[in-house]
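**Q** Quick one: sequence and predicted model below, then my questions.
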Amino acid sequence: MTSSNIPTQPFVDGVHQAAAGGAALHLVNPATGQPLGTVQTVTTFQVSAAVESAHRAWEGGWRDLAPGKRADILFNVARVIRENLELLAQIECANIGKPISDARDEIGLGAKVFEYYAGAIGKYFGQTIPVSRGGFDFTLRQSMGVVAAIVPWNFPFPIAAWKSAPALAAGNAVVLKPASLSPLTALRLGELAHAAGLPAGVLQVLPGSGREVGDALVTHPLVRKISFTGSTEIGRRIMELASRDLKRVSLELGGKSPNVVFADADWQRAAETSPMSVFANTGQDCCARSRMYVERSVYDGFVERFVAATRRLDVGDPRLESTQIGPLVSEGQRATVEAFLADARKAGSQVACGGSRLPGPGSFLAPAVLLGVGASDRCWREEIFGPVVAITPFDDEAGMLRDVNASPYGLSGSVWTNDLRRALRVSRAIQSGVLSINCHNSVHVEAPFGGFKQSGLGRDLGMAAMDGFTELKNVYIAD
Ligand code: NAD
Ligand code: MN
């Protein structure tokens, strides 16, 4: 990848615009520690201008475009993403150290999301309702106006796609704010979508810090809806700010997802596959299965296999096809994770493997397996967002479920059992928005994704996402 392939300016009104006055983001390749480039951010004044022109683009055309035309454009966006898949994957790999094979999968997922919502346009509609007084009553699903999409750095491209695509499909304009650490593929998306036929102003991309650009977006009176993915802490702040104008919000937040293995399960297969359910993306995954509950009779054998499988993971240069685990996104993120590990050691937990830095440059950390972590320890309760798992034995189902549900989070999780009735009972009992039985898949383009409790509000993906990007209107016609 050459530096000329790297977009460096905000994408506003169909062009990359110079942003005089905004602070610069200095990007570092976390696999090498080398500077990657500089991206200009926007000032709060430019945020206002971009929102206002997005509003004009919505009101002046996108909102009223024939549904079939909107669908054609979004299908075209998907096609153009696929044509640029390799370039986008290389950019993501260099920007955040994402292993190249994962990066390719994620760009492909982004394209699939645009296809899904292009197709959804003609399949999402209101109802006719037989109201008791007679006459004719029907509902409309209407666009809202400008949607602010605020996304994190761990899955920059797919999350940008799964907010933008349904919002655009529903007829809204979108102002996308990528995370400060990962603005590059979002800037490319703005440019590619415009080249694919999306009118100028309908998708604006504004890189910048959360405190400046994020806050200015969330409080702008013409922003009608905020779709946020990030930490629970920032989600709480966004909800507070949004309450002033009663803006609509949907929030996809943190997690501390359980992975429960019963002795009746194919626990050997669970032990082989579970390391990647927490260590994929270097553990920087809201759905990471970071606390494992293993039924005591198979605990020792399980831990032995799990540790062996963890040691076999290919950790290193994200540019190599064979690499499974890249660096942490930044030195700061590695330091945060190391502080968790230091606490665990101090509390007397055993580090069965990993937890040390890799020699050489880059913010690498070998995946760590913790045993003997106390139920009230930080590593058992808090989201670490790095390559750390804690494994504990359990004796009875009810006690295990009480501990699982004691978490303030409720995003995802896995359950391993071959007992059908137990699978049903436990999947009903666990308080989380997403669960997988005998596997670790959390995300399907066609199915709703989101959290219970402090893991979020509202749902991304599937047809459920369309509800979050529309207002529901009821119209009644007298006889
Ligand atoms: P973060 O909350 O620090 O930042 C997310 C985004 O919000 C960034 O674009 C950031 O610049 C912006 N932001 C920060 N302060 C803001 C403010 N005051 N106003 C408006 N915007 C602001 O999260 P992160 O560190 O980028 O990502 C990690 C977190 O994201 C983890 O907690 C993880 O669990 C969560 N996450 C959740 C999901 C999900 O779908 N539930 C998916 C991925 C990540
Ligand atoms: Mn953060």
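**A** Perfect, I can see it now. Numbering: from 1, shown residues only. Ligands and ions are numbered 1, 2, ... in the order given.
**Q** SS state for Gly37?
**A** Of the three states, Gly37 takes strand under DSSP: H, G, I helix; E, B strand; the rest coil.
**Q** Now the phi/psi pair for the closest residue to Thr38 other than its chain neighbours, please.
**A** Excluding its sequence neighbours, the residue lying closest to Thr38 (Cβ to Cβ, 6 or more residues apart in numbering) is Ala24, at 4.9 Å. For glycine as for every other residue, the C-beta is placed from the backbone atoms N, C-alpha and C. The phi/psi pair for Ala24 (degrees, to the nearest 10) reads phi -90, psi 140.
**Q** Compute the number of surrounding residues for Ala24.
**A** The tally of other residues near Ala24 (other Cβ atoms under 10 Å) stands at 13.
**Q** Number of residues surrounding the closest residue to ligand 1 within the stretch 1-150 of the chain?
**A** When scored by Cβ to the nearest ligand atom, the stretch 1-150 of the chain has Ile150 as its residue closest to ligand 1, at 4.7 Å. Applying other Cβ under 10 Å, we find 26 residues neighbouring Ile150.
**Q** Same check on Pro448?
**A** The burial count for Pro448: 16, using other Cβ under 10 Å.
**Q** So which bits of the stretch 351-479 of the chain are right by ligand 1?
**A** Glu383, Phe385, Leu411, Gly451, Gly456 (Cβ under 6 Å from any ligand atom).
**Q** List only those of these flagged as buried.
**A** Taking 16 or more other Cβ atoms under 10 Å as the criterion, what is buried in these is Glu383, Phe385, Leu411, Gly451, Gly456.
**Q** Now pLDDT and secondary structure too, for those residues, in TSV please.
**A** Listed next are those as TSV, based on pLDDT from 0 to 100; DSSP: H, G, I helix; E, B strand; the rest coil:
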residue	pLDDT	secondary structure
Glu383	98	coil
Phe385	98	coil
Leu411	98	coil
Gly451	98	coil
Gly456	97	strand
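**Q** Around ligand 1, pick out the residues from the protein.
**A** Within the chain, the positions adjacent to ligand 1 are 150-155, 177, 179-180, 209-211, 214-215, 218, 229-231, 234, 237-238, 252-255, 286, 383, 385, 411, 451, 456 by Cβ under 6 Å from any ligand atom.
**Q** Could you find the closest non-adjacent residue to Arg305?
**A** Spatially, and ignoring its direct neighbours in sequence, Arg305 is nearest to Ala271 (3.6 Å; Cβ to Cβ, 6+ apart).
**Q** The one you found is in contact with Thr310, isn't it?
**A** No. In this structure, Ala271 is not within contact of Thr310 by Cβ atoms under 8 Å, at 9.8 Å.
**Q** Got the phi and psi for Asp396?
**A** Dihedral pair for Asp396: phi -130, psi 150, per degrees, to the nearest 10.
**Q** Among the buried ones among the residues of the stretch 351-479 of the chain next to ligand 1, which one sits closest to Val113?
**A** Nearest to Val113 among those, counting by Cβ to Cβ, is Gly456 at 18.3 Å.
**Q** how about that closest one, what does it touch?
**A** Gly235, Ser250, Leu251, Glu252, Leu253, Leu411, Gly433, Gly450 (Cβ atoms under 8 Å, 6 or more residues apart in numbering).
**Q** same thing with Gln46?
**A** If a contact means Cβ under 8 Å, 6+ apart, then Gln46 has Pro10, Val12, Ala19, Gly21, Gly22, Leu206 as its contacts.
**Q** Show me how far the longest helix along the chain is from its chain's centre.
**A** Longest helix in the chain, counting residues (DSSP state H): helix 100-120. Chain-centre distance of helix 100-120: 13 Å, with Cα atoms, centre = their mean, to the nearest Å.
**Q** tell me the mean pLDDT over it?
**A** Across helix 100-120, pLDDT averages out at 98.
**Q** With stretch 132-146 instead?
**A** Across stretch 132-146, the average pLDDT comes to 98.
**Q** Give me the residues contacting that stretch.
**A** For stretch 132-146, the external contacting residues (Cβ under 8 Å, 6+ apart) are 51, 54-55, 58-59, 63, 124-131, 170-175, 220, 222-225, 248, 466, 469-479.
**Q** What's the PyMOL line that selects buried ones from these?
**A** PyMOL command restricting these to the buried ones, with burial defined by 16+ other Cβ under 10 Å:
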select buried, resi 51+54+55+58+63+124+170+171+172+173+174+175+220+223+224+225+248+466+469+470
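**Q** Out of the contacts of stretch 132-146, name the ones that lie in helices.
**A** Taking DSSP H, the ones among the contacts of stretch 132-146 that sit in helices are Val51, Ala54, His55, Trp58, Glu59, Met466.
**Q** of all these, which comes closest to Gln333?
**A** When these are ranked by distance to Gln333 (Cβ to Cβ), Val51 comes first, at 30.6 Å.
**Q** ok, the closest residue to the closest one other than its chain neighbours to Leu365 distance?
**A** Residue nearest to Val51 in three dimensions, not counting chain neighbours: His220, with 4.8 Å by Cβ to Cβ, 6+ apart. Going from His220 to Leu365 by Cβ to Cβ, to the nearest Å gives 39 Å.
**Q** One more: Glu338?
**A** According to Cβ to Cβ, Glu338 stands 7 Å off from Leu365.
**Q** just to revisit the earlier point, farthest pair within the ones in helices among the contacts of stretch 132-146?
**A** The largest separation in these, counting by Cβ to Cβ, is between Val51 and Met466 at 22.6 Å.
**Q** and Phe452, how far is that from Trp416?
**A** As judged by Cβ to Cβ, Phe452 and Trp416 stand 21 Å apart.
**Q** What is the neighbour count of the residue lying closest to Asp102 once chain neighbours are set aside?
**A** Closest residue to Asp102 apart from its sequence neighbours, by Cβ to Cβ, 6+ apart: Asn281 at 6.9 Å. Counted with other Cβ under 10 Å, the neighbours of Asn281 add up to 24.
**Q** before we move on, what about the one 5 residues further on?
**A** Each residue near Cys286 was counted by other Cβ under 10 Å, and the total is 28.
**Q** wouldn't it be in contact with Gly255 here?
**A** Yes. Using Cβ under 8 Å, Cys286 is in contact with Gly255, at 4.8 Å.
**Q** Need the overlap of contacts for those two.
**A** Common neighbours of Cys286 and Gly255 (criterion: Cβ under 8 Å, 6+ apart): Glu383, Leu411, Ser412, Ser455.
**Q** Quick one: the helices in the stretch 201-350 of the chain, in order.
**A** Along the stretch 201-350 of the chain, the segments classed as helices by DSSP state H, counting those that start in this stretch run 215-219, 232-243, 267-279, 296-311, 331-346.
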